[in-house]
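Participant: A structural model of the following input is requested.
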Amino acid sequence: MKIKKIYPLTLSLIIFSACSTKNIEKNSKEQNLTLKRQSYQSINLNKKKKIKKIYPLTLSLIIFSACSTKNIEKNSKEQNLTLKRQSYQSIDLNKKKKIKNKDRTKQIKNIKKEKEPNPLLNIKPKEDYSYLKGDFSDNFLLMDFIDKMVLEHNFKREELNRIFSEAKNFYLKPKIKNCTSTIIRVGGAWDRYRNCFIYEKNIQRGLEFWDKYEDALNRAEAKYGVPVKYILGILGVETGYGINFGKHRVIDVLTTRSMMGDRRADFYTDELEKYLLITRDIGIDPTELMGSTSGALGYGQFMPSSYIRFAVDFNGDGIKDLWNPEDAIGSIANYFAKNGWNRRIPKVAVRAKYKGNRFNRLKTGYKTRYSLSKLKRKYHIIPREKFVPYGKVSLIKLPRATYDELWLGSPNFRVITKYNHSTFYGMTVFQLGEELEKRRYGYY
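Facilitator: Coordinates of the predicted model:
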């Protein structure tokens, strides 16, 4: 095919189209291949149709249209790619939203689970008590004691390790001042001691206790021969009729005193052994009971050895329980009876006359033993009322503010002091009991 003449406009269009095709070739090889194929196809078609004459303008238009269609294809492909990307992004966003929603639902469920009490979740993991922990973890005396309790009394080692791992060193705790150290120092030593126990509120508590447990008190007096008033005297001095069983854990006191070098360590080791036996028999956790600074227990404040020897089941329920008032009443009366209480002696103690205000001529105290006739004849110490002691008497001095009171104690007074080895203690129990009897029956 022969083209005789090419016009300038046509030439410029051809050059423009060529430039555009070069740029397209640079951008993508695939587009160039497609362009060549299409151009060859168009040439072949033209040959087939045997077009005799092609004008320059028509040729430039054909080339321009081919380039424009390729640009449109390119744009459409790019648009398709962007659409695909957007669709993928939207799918990802939806997935993320779904995941977030799932996480939120899980969080809500977890919160609900936390709010709802689940008994299985509240179960604490068991502690390992295969070895000793706490304040006594490196105490070899205690380790030997545990070995003994396992071998001789069939205790479980893990249980004993748990008990003593919870025990605290009693000596490291702040000291609680007793009544005699905090009371205003007015009068003599006896006045200060007496006023800690014999005061109006305690007397009223004693009278109420007497009314409430009169039957048990009368049965105890009939069975053991111990007057009701002295049983009440013990209960009033020891625990205020049950309002104060002690401010210290018994396991802390006994473990510390037995394992930390106390001068009576052997005594307290024996008490600790018996305490563990008692709590096992009555089914009480030994770490829970409160007692005195010496480890005494219950209404009557029995030491564990006294608990085993003298406690009785006075209410017939099959258990010797010194935290039960009736069992405590019977046990105190039994303690007195087994320690030599003589029901024939009418009076525990009487006040005596002597010359002077202060008495220093003879030794005094609950341990003393004097013949009443000799005191009368040689020392002119005379009872102020009729007194038949049925044995030797104790000479008791009670220091007051300006003078000394002198009393004569019968063998039954010494029985009371076996409960607590103190002259002041014995006289306080005696006088509190006498005061309760006077108030109840109205005679003075």
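Participant: quick one, what contacts Ser394?
Facilitator: The contact partners of Ser394, by Cβ atoms under 8 Å, 6 or more residues apart in numbering, come to 365-370, 408-409, 413-414. Placement of C-beta: from N, CA and C, glycine included.
Participant: looking at these, which has the most residues close by?
Facilitator: Tallying neighbours with other Cβ atoms under 10 Å puts Gly409 at the head of the contacts of Ser394, with 26 neighbours.
Participant: which residue is the nearest non-sequential neighbour of that one?
Facilitator: What sits nearest to Gly409 in space, not counting adjacent residues and going by Cβ to Cβ, 6 or more residues apart in numbering, is Ser394, at 3.9 Å.
Participant: the one you found: what secondary structure?
Facilitator: strand (DSSP: H, G, I helix; E, B strand; the rest coil).
Participant: mean confidence for stretch 359-379?
Facilitator: The average of the pLDDT scores along stretch 359-379 is 96.
Participant: how about stretch 194-209?
Facilitator: On average, the pLDDT along stretch 194-209 is 97.
Participant: for that stretch, which positions count as buried?
Facilitator: With burial defined by 16 or more other Cβ atoms under 10 Å, the residues of stretch 194-209 counted as buried are 194-198, 202-203, 205-207, 209.
Participant: ranges for the strands of the stretch 101-250 of the chain?
Facilitator: For the stretch 101-250 of the chain, the strands defined by DSSP state E, counting those that start in this stretch occupy 248-249.
Participant: where in the stretch 151-300 of the chain is pLDDT low?
Facilitator: For the stretch 151-300 of the chain, residues meeting the criterion pLDDT under 70 lie at 175-178, 180-186.
Participant: if we can go back for a sec, now for the contacts of Ser394: which two are most distant?
Facilitator: Largest separation among those by Cβ to Cβ: Lys367 and Leu408, giving 14.4 Å.
Participant: how is this protein carved up into domains?
Facilitator: Domain assignment for the chain by automatic domain parsing gives 8-114, 136-338, 349-409.
Participant: what sits against the closest residue to Phe164 other than its chain neighbours?
Facilitator: Once flanking residues are discounted, Phe164 sits nearest to Phe136: 5.6 Å by Cβ to Cβ, 6+ apart. Phe136 makes contact with 142, 164-165, 167, 169, 255, 259 under the criterion Cβ under 8 Å, 6+ apart.
Participant: closest to Thr287 out of those?
Facilitator: Once Cβ to Cβ is applied, the member of the contacts of Phe136 that ends up nearest Thr287 is Ala167, at 7.3 Å.
Participant: tell me who's in contact with the closest residue to the closest one other than its chain neighbours.
Facilitator: The spatially closest residue to Ala167, leaving aside those adjacent along the chain, is Thr255, at 4.5 Å (Cβ to Cβ, 6+ apart). Each residue near Thr255 by Cβ under 8 Å, 6+ apart is listed here: 136, 142, 164, 167, 170, 272.
Participant: now swap in Val388 and tell me
Facilitator: Residues in contact with Val388 (Cβ under 8 Å, 6+ apart) are 345-347.
Participant: what's the burial count for Ile308?
Facilitator: By other Cβ under 10 Å, the residues close to Ile308 number 15.
Participant: I'd say it and Lys274 touch.
Facilitator: Yes: with contact defined as Cβ atoms under 8 Å, Ile308 counts as touching Lys274 (5.6 Å).
Participant: for Pro286, see how far away the nearest residue to Lys367 once chain neighbours are set aside is.
Facilitator: Nearest-residue entry for Lys367: Ser394, 7.3 Å, with adjacent residues in sequence omitted and distances by Cβ to Cβ, 6+ apart. Applying Cβ to Cβ, to the nearest Å, the value for Ser394 to Pro286 is 38 Å.
Participant: and what of Ala349?
Facilitator: Following Cβ to Cβ, the distance that separates Ala349 from Pro286 is 39 Å.
Participant: check Ile198 too.
Facilitator: Distance, Ile198 to Pro286, by Cβ to Cβ: 34 Å.
Participant: likewise for Asn161?
Facilitator: 13 Å.
Participant: also Phe245?
Facilitator: As judged by Cβ to Cβ, Phe245 and Pro286 stand 15 Å apart.
Participant: isn't Ile396 up against Met427?
Facilitator: Yes: counting by Cβ under 8 Å, Ile396 touches Met427, with 6.5 Å between them.
Participant: who touches both of the two?
Facilitator: Joint contacts of Ile396 and Met427 (Cβ under 8 Å, 6+ apart) are 349, 407.
Participant: the residue nearest to Ala337 when sequence neighbours are not counted: neighbouring residues, count only.
Facilitator: Of all residues not flanking Ala337 in the chain, Tyr224 sits nearest, at 4.1 Å (Cβ to Cβ, 6+ apart). The local packing of Tyr224 (other Cβ under 10 Å) involves 19 other residues.
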